[in-house]
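Quick one: sequence plus predicted model below, questions after.
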Amino acid sequence: MRIPFLFQGQYYDHETELAYNRFRYDTPELGRYISEDPIRFASGTLALHNYVEDSNSWLDVLGLIYKSKKQVRV
């Protein structure tokens, strides 16, 4: 059995084989969300299904707006 907790607080759903990010689901194989960003263009991007530009430098913990790791307080 796979541990359900993933990078950035995502939760892996074994039934759907998708990663849950509080507001929407991510496909780990494709590295993108299966639904549009719920806040649409307020996120600052035109690509409404994208996860982050670079997962080594950016975070999107809630699945709404991605930020530089430097902008996020841990």
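Nice, I can see it.

need the helices for the protein, in chain order.
For the chain, applying DSSP state H gives no helices.

pLDDT weak spots in it?
Scanning the chain for pLDDT under 70 picks out 1, 7-8, 40-67, 69-74.

Could you give the bridge partners of the spatially closest residue to residue 26 that is not a sequence neighbour?
Nearest in space to residue 26, with sequence neighbours left out and distances taken as C-beta to C-beta, 6 or more residues apart in numbering, is residue 19 at 4.3 Å. The C-beta positions use only the backbone N, C-alpha and C, and glycine is treated the same way. Listed beta-bridge partners, residue 19: residue 12, residue 26 (assigned using DSSP bridges).

residues near residue 19, how many?
Close neighbours of residue 19, defined as other C-beta atoms under 10 Å, add up to 22.

what's the answer for residue 13, then?
Applying other C-beta under 10 Å, we find 12 residues neighbouring residue 13.

for residue 37, same thing?
Quick note: residue 37 (other C-beta under 10 Å) scores 22 neighbours.

wouldn't residue 2 be in contact with residue 13 here?
No: counting by C-beta atoms under 8 Å, residue 2 stays clear of residue 13, with 10.7 Å between them.

which ones are touching residue 3?
Under the criterion of C-beta atoms under 8 Å, 6 or more residues apart in numbering, the neighbours of residue 3 are residue 12.

Spit out the contact partners of residue 10.
19-21, 26.

Am I right that residue 28 is in contact with residue 20?
No: with contact defined as C-beta under 8 Å, residue 28 does not count as touching residue 20 (11.2 Å).

intersection of neighbour lists for the two?
Common neighbours of residue 28 and residue 20 (C-beta under 8 Å, 6+ apart) are residue 12.
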